[in-house]
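1. turn this into a structure:
(chains A, B, C and D, ligands or ions: 2)
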Amino acid sequence: MIDSVDEALANPGAEQPYAALGLKDDEYAKIREILGRRPTTSELAMYSVMWSEHCSYKSSKVHLRQFGEKVPDNASEVLLIGMGENAGVVDVGNGLAVTFKIESHNHPSYVEPHQGAATGVGGIVRDILTMGARPIAVMDPLRFGAPDHPDTGRLIRGIVEGIGSYGNCLGLPNIGGEVVFDPSYNTNPLVNALCVGVLPADGIQLAKADGPGNKVVLFGSRTGGDGIGGASVLASATFDEAKPSRRPAVQMGDPFAEKVLIECCMEIFAERLVVGIQDLGAAGLSCATTELAAAGTGGMDVDLDLAPLRDPTLVPEEILMSESQERMMAVVTPANLDRFVELCHKWGVTATVIGTVTDTGRLVMRWYGETIVDVPPRTLAHDGPVYDRPYARPEWQDALQADSPDRLPRPASGDELRQTLLTMVASPNLCSKRWVWEQYDRYVMGNTVLAMPEDAGILRLDESTSTGIALATDGNGRFAKLDPYAGAQLALAEAYRNVSVTGGRPIAATDCLNFGSPEDPDVMWQFAEATRGLADACQTLGTVITGGNVSFYNQTGSTPINPTPVVGVLGLVDDVRRRTKAGFRNAGDRLLLIGETRDELGGSEWAWTVHEHLGGLPPRVDLAAEQALGTAMVDAANAGLVTSAHDLSDGGLAQVLVESCLRHGLGAHVTVAGDPFVALFSESTARALVTVPAGDDRLTSLLTERGIPYAAIGAVTAEATLVVDGSFSVPLAELDAAYEDTLPRLFAHR
Amino acid sequence: MPASVGVVTFPGSLDDRDAQRAVRLAGAEPVALWHADADLHGVDAVVLPGGFSYGDYLRCGAIARFAKVMPLIVEAARDGMPVLGICNGFQILCESHLLPGALVRNDHRTFNCLDQRVRIENASTPWTSGYTAGDEIVIPLKNGEGGYVADPRTLDALESQGRVVARYVGRNPNGSYRDIAGICNEAGNVVGLMPHPEHAIEDLTGPSTDGLAFFTSVLKGLVSA
Amino acid sequence: MATVIVDVVLKPEILDAQGQAILAALPTLGFPGVASVRQGKHFEIELEGDLDETALERVRAMADTLLANPVIEEYSVRAGS
Amino acid sequence: MATVIVDVVLKPEILDAQGQAILAALPTLGFPGVASVRQGKHFEIELEGDLDETALERVRAMADTLLANPVIEEYSVRAGS
Ligand SMILES: Nc1ncnc2c1ncn2[C@@H]1O[C@H](COP(=O)(O)OP(=O)(O)O)[C@@H](O)[C@H]1O
Ligand SMILES: [Mg+2]
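-> Numbering: from 1, shown residues only, chains lettered A, B, ... in the order given. Ligands and ions are numbered 1, 2, ... in the order given. Predicted structure coming up:
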């Protein structure tokens, strides 16, 4: 029997399974208070998904506010749409705007790695599409458990294949990402996906149902039982393998359906046929209808039985919670409706009018004539519970920071350093990620100027003006574990540096905050510190946060993952023809190491790979130095002063030398000052290795003028050997084997 | 009027805009053709672009083959119009029986995107006349089902008639029989190619500009014809 | 030698995008009157030894661990010819 | 309603990369004694009307034109349950 509003009034005392749906006693009481009666089953389903952690941000909201409060000075010139819409939009000049956002799909990817990752890409692409943009690229920062954990192979193969199959089939170039291994992600991989899109600056679409009488159209795939309860159950409760009953149905992706949906929307947008539009993601129809109504005139009437179903046995509350993919909802004037439907038909997209915008202030849904939902939409979309959860600096934090890597034995002789170098470049975290990124199409669309393995991806936006954008994503869970405030800033600083060494001028950022349980005060402290750190640093660096995503409950049992804020930075490239590539190109070029190297090995890749040590303090954050370096690199690119550049991060100078040599098979002869171990493996920030033509002093003068420290450390050589003067030398073939073999050996299909 | 080259868009085509760009940079006029078009808009040649037409569901190219525009292309091809099928386009040409053989899942079972070295074996087709037989070029290869297969008799016939247009050099990237990267029909006007010349037309965005000659070749033939 | 056949299909509640695409194509190819199409995988497995219950059991175990993904698929095992 | 099953397999002379990979993986997963594995496709087709020879004929025609590629594949059609 269908539980209608009449039934709720007639039978007010019915027991309701709100606790099983994840609602707390006081949350349920608040729903009853809002409605002045008990909710119907459908209403209960809607409140439970909309008030879940995943959709309501109830634990994170009080901290995320800082991103809107600590805005950088340049934000007003840059931002067209800020946080709060499906994705933020930035002005890139020439009448164009860019929208980008990063999102997580961690828990679903553990349950079903291929589909979980694929639908993660599908979801973020629809967020970008919803803004009125053509999606033009994706990126995929990924984190896995220890390489030898029994589940890691299944997860990395499935996740990479899933991301590839979906993105490749959509025709979106993948222009970068991350692959990190750490036992803290055992059985809880992090699958973050970023999408970027471009749109006319005057073509922004908003998620609002304006204009009484306008039609509400559901279009795209039919609704099935996919991921029913996924949003609330999966994202809101600790994932516990021992309870299979908590595994909801998996969401299946259909990239072809999404591809035609994109092309269909592009034509619909070009003809300006919609008043408002919203994608169906987590919480499906519940989310789309309440958000559209809440942001618009305020009311909506929906005949839910009109929604086209894949599974005719679904009941209303299931339809409302379904996370079937590749669906969108648009608000269309009656005058434009025929043309809208015609374009859908052209692309083979199903479109159905299921409702009408009203000015009643109520969202009313009927099921074959009976009213099953009658709610004020704002109470679902915006007025959910907000928690200022207790947090406190963990008891163990001091001991962790005191456990400095200084006590670890360091390689001293040339032979030891050589061996350390080979071990490091072959380690899963530092080795070549080619096995992953060769599974992704980086060429499609024909505008990829830089992609893997470059520091940042660069896309051409306009063939006539050669303007473009650069994007990079970074995060370091070890640094954040040692100091979450600094760790979040280091993630931003690294992405900022990656963008600027290619010649991109950073202007905006997006973040994906992957943490453990917010109900754990230790984790909540990490979260509070990380958001505070990120907001402060974004303000200083002039990279406004345009949007992002929070993923909590990343843990197994009671052990949370390393706190992992992942940051994506967007930069402007005035002329993509002037971008700087990594990799030594010309024998004889001089090597300049820009920035200051200190003895900083806390949380370093060396301490982890060689000693499995995590302790001490992360490298010092120096935002002023990052900014000086970044500006110099952008100016150098524009003036054509450098022949290559590569920023320093995990693995330090040694790693950058190896990667730069291997790129085109040229060697290097390097002389380092001071302790060669520190020079090679320290992870001090705000550094880059660049090459300049021999005898060309323009860059060194520029650096000197601006007071940026640098050291001339040698030259590129034609001989295929990396030589560290007075210490050791390694043939590139040996480095190449060490660097390239690891991932195929561990994970390739045999 | 410059020669015009049609590029067909099926639902799920991906490299259609890239193929149009290549046609344009080669100096011809690109014409967008739609899978449901009832005529070929008077184009002088046709490119079936890469992508995942109809999601590559069932088999790559199996559903696209039945598109309304396909019989028109088959007929024009029989009359000698130059037709180039790239990647998914190659698969469609095989499914349509304009070219022999078929393309199956890569032997290593993963989608791969690489800069591939390829040798031009036949420089007398309208799409390869700008090359010299034996030229080695580097162009992107990106597919999950790029393994060319055919029965031995067909393979021998292709070889003996000089219909292997391009061959992989170095490591065979997908298990293609006899390292075949591209073939043509008996008349030579219909060429199917697994790697993507349209992604190697500008220094800025490709591994080389080695692919441009596919498009300048056909243009030259059309202008002189 | 024993031949055992395993057919793997998506669970009925799981979206079968391929089946949907084929279903959509059939009418235009002159095949009306088809109500549904589901696409799955078909395995033909040759085992050493006799075609008996043990052989079928072994194949069921293979299907469980390798041939089917129990999260989204179900399978059936039968003796081949 | 009539359910008709179509199984499609690669011709024996065409390399079956997926079958080979499964064959190679089986011993390491504790399944020795497997001589060969072939992977194909399995279709379950529901037709309006009765399950009779006409229904089977219709499905054979679908298999010929769409479900299988005769250049590399062969198929069998049978009545479903
Ligand atoms: N970590 C974050 N930083 C900044 N903005 C965030 C963050 N997390 C979420 N947001 C913003 O909150 C809004 C709601 O997020 P979300 O529910 O993920 O959007 P959607 O409903 O489009 O999936 C978005 O505008 C998003 O950008
Ligand atoms: Mg959204």
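
2. residue contacts, B:Leu219?
-> The contact partners of B:Leu219, by Cβ atoms under 8 Å, 6 or more residues apart in numbering or on different chains, come to B:2-3, B:5, B:26-28. All C-beta spots, glycine's among them, are computed from the backbone N, C-alpha and C.

3. now, these that are in strands?
-> B:Val5 (DSSP state E).

4. just the buried members of the contacts of B:Leu219?
-> Among the contacts of B:Leu219, those scoring as buried are B:3, B:5, B:26, B:28 (criterion: 16 or more other Cβ atoms under 10 Å in any protein chain shown).

5. my guess is the second one meets B:Val46, correct?
-> Yes: A contact is recorded between B:Val5 and B:Val46 when judged using Cβ atoms under 8 Å, the distance being 7.1 Å.

6. close to chain A, is the longest strand along chain C?
-> For chain C, the longest strand by residue count, based on DSSP E, is strand C:34-47. No: applying Cβ under 8 Å from any Cβ of the partner chain, one finds strand C:34-47 separated from chain A by no less than 10.8 Å.

7. what residues are bridge-paired with the most centrally placed residue in chain C?
-> Compute the mean C-alpha point of chain C, and by Cα atoms, centre = their mean the closest residue is C:Asp7, 2.2 Å away. With DSSP bridges as the criterion, C:Asp7 is bridged to C:His42, C:Ser76.

8. on that earlier part again, between the contacts of B:Leu219, which is nearest ligand 2?
-> Nearest to ligand 2 among the contacts of B:Leu219 is B:Val5, at 39.5 Å by Cβ to the ion.

9. ok, that closest one to B:Ala187 distance?
-> From B:Val5 over to B:Ala187 the distance is 18 Å, taken as Cβ to Cβ, to the nearest Å.

10. one more: A:Ala537?
-> With Cβ to Cβ as the criterion, A:Ala537 and B:Ala187 are 65 Å apart.

11. which one's more surrounded, the two?
-> A:Ala537 (25 against 12; other Cβ atoms under 10 Å in any protein chain shown).

12. give me the pLDDT for the more buried one.
-> Note for A:Ala537: predicted pLDDT of 98.

13. next one: phi and psi at it?
-> phi -70, psi -40 (degrees, to the nearest 10).

14. OK, contacts around the residue lying closest to it once chain neighbours are set aside?
-> Distances taken as Cβ to Cβ, 6 or more residues apart in numbering or on different chains put A:Gln489 closest to A:Ala537, at 4.1 Å, once the chain neighbours are dropped. Applying Cβ under 8 Å, 6+ apart to A:Gln489 gives the contacts A:533-534, A:536-537, A:621, A:623.

15. generate a ChimeraX selection restricted to the buried entries among the residues you listed.
-> In ChimeraX syntax, the buried subset of the contacts of A:Gln489 is picked out as below (16+ other Cβ under 10 Å):
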select /A:533,534,536,537,621,623
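
16. the residue sitting nearest the centre point of chain A in helix, strand or coil?
-> In chain A, the residue lying closest to the centroid (Cα atoms, centre = their mean) is A:Ile102, at 3.0 Å. A:Ile102 falls in the strand class when you classify it by DSSP: H, G, I helix; E, B strand; the rest coil.

17. pretty sure it sits against A:Thr546.
-> No: applying Cβ under 8 Å as the test, A:Ile102 and A:Thr546 come out as separate, 10.3 Å apart.

18. spit out the residues that contact the two alike.
-> A:Thr510.

19. how about the residues of chain B that lie near chain D?
-> B:58-59, B:62-63, B:66, B:94-95, B:100-102, B:104-109, B:147, B:149-151, B:175.

20. where in chain A is pLDDT low?
-> A:229-249, A:750 (pLDDT under 70).

21. near ligand 1, which residues of it?
-> By Cβ under 6 Å from any ligand atom, the residues of chain A that approach ligand 1 are A:55, A:64, A:67, A:83-86, A:101, A:127, A:281, A:511, A:513, A:545, A:547-550.

22. please flag which of these sit within strands.
-> Among those, the ones falling in strands (DSSP E) are A:101, A:511, A:513, A:545, A:547-550.

23. for the residues you listed, pick the one with the most neighbours.
-> A:Asp511 (32 neighbours).

24. quick check: the nearest residue in space to that residue that is not next to it in sequence vs A:Leu64, distance?
-> Spatial nearest neighbour of A:Asp511, chain neighbours left out: A:Gly548 (3.9 Å); criterion: Cβ to Cβ, 6+ apart. Going from A:Gly548 to A:Leu64 by Cβ to Cβ gives 8 Å.

25. closest residue of chain C to ligand 1?
-> Residue of chain C nearest ligand 1, by Cβ to the nearest ligand atom: C:Leu15 (20.8 Å).

26. what do you get for chain A?
-> A:Gly547 (2.6 Å).

27. quick check, that residue in contact with A:Val89.
-> No: the pair A:Gly547 / A:Val89 is not scored as a contact, 9.3 Å apart, by Cβ under 8 Å.

28. quick one, what contacts the residue of chain A closest to ligand 1?
-> A:82-88, A:101, A:510.

29. of those residues - the most surrounded one?
-> A:Thr510 leads those on contacts (other Cβ under 10 Å) with 29 neighbours.

30. quickly list what that residue is bridged to.
-> A:Gly547, A:Gly568.

31. OK, contacts around it?
-> If you count contacts by Cβ under 8 Å, 6+ apart, then A:Thr510 has A:87-88, A:100-102, A:194, A:545-548, A:567-568, A:570 around it.

32. one more pass at 10 Å, please.
-> With contact set as Cβ atoms under 10 Å, 6 or more residues apart in numbering or on different chains, A:Thr510 has these partners: A:83, A:87-88, A:99-103, A:194-196, A:471, A:473, A:495, A:543, A:545-549, A:566-570.

33. residues from the stretch 351-500 of chain A in reach of chain B?
-> Residues of the stretch 351-500 of chain A lying near chain B by Cβ under 10 Å from any Cβ of the partner chain: A:434-435, A:437-452, A:458-460, A:463, A:466, A:468.

34. is stretch A:166-175 positioned near chain B?
-> Yes: shown here: stretch A:166-175 in contact with chain B (Cβ under 10 Å from any Cβ) through A:168-174.

35. gap between the two ends of that stretch?
-> 15 Å (Cα to Cα, to the nearest Å).

36. just to be sure, B:Arg17 is in a helix?
-> Yes: applying three-state DSSP, one finds B:Arg17 inside a helix.

37. now it: how far from chain D?
-> From B:Arg17 across to chain D, the span is 29 Å (Cβ to the nearest Cβ, to the nearest Å).

38. my read is that that residue contacts A:Val444, right?
-> Yes: under the criterion of Cβ atoms under 10 Å, B:Arg17 makes contact with A:Val444 at 9.3 Å.

39. what about the two, which has more around it?
-> Counted by other Cβ under 10 Å, B:Arg17 and A:Val444 do not tie: A:Val444 has more neighbours, with 27 against 20.

40. residue contacts, the more buried one?
-> A:137, A:167-168, A:170-174, B:14-15, B:17-18, B:50-51, B:113, B:140, B:142, B:196, B:199.

41. narrow those to those in helices?
-> A:167-168, A:170, B:17-18 (DSSP state H).

42. redo the residues you listed as TSV? Include distance to A:Gly36.
-> What follows is the ones in helices among the contacts of A:Val444, written out as TSV (distance: Cβ to Cβ, whole Å):
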residue	distance to A:Gly36
A:Gly167	48
A:Asn168	52
A:Leu170	46
B:Arg17	55
B:Asp18	59
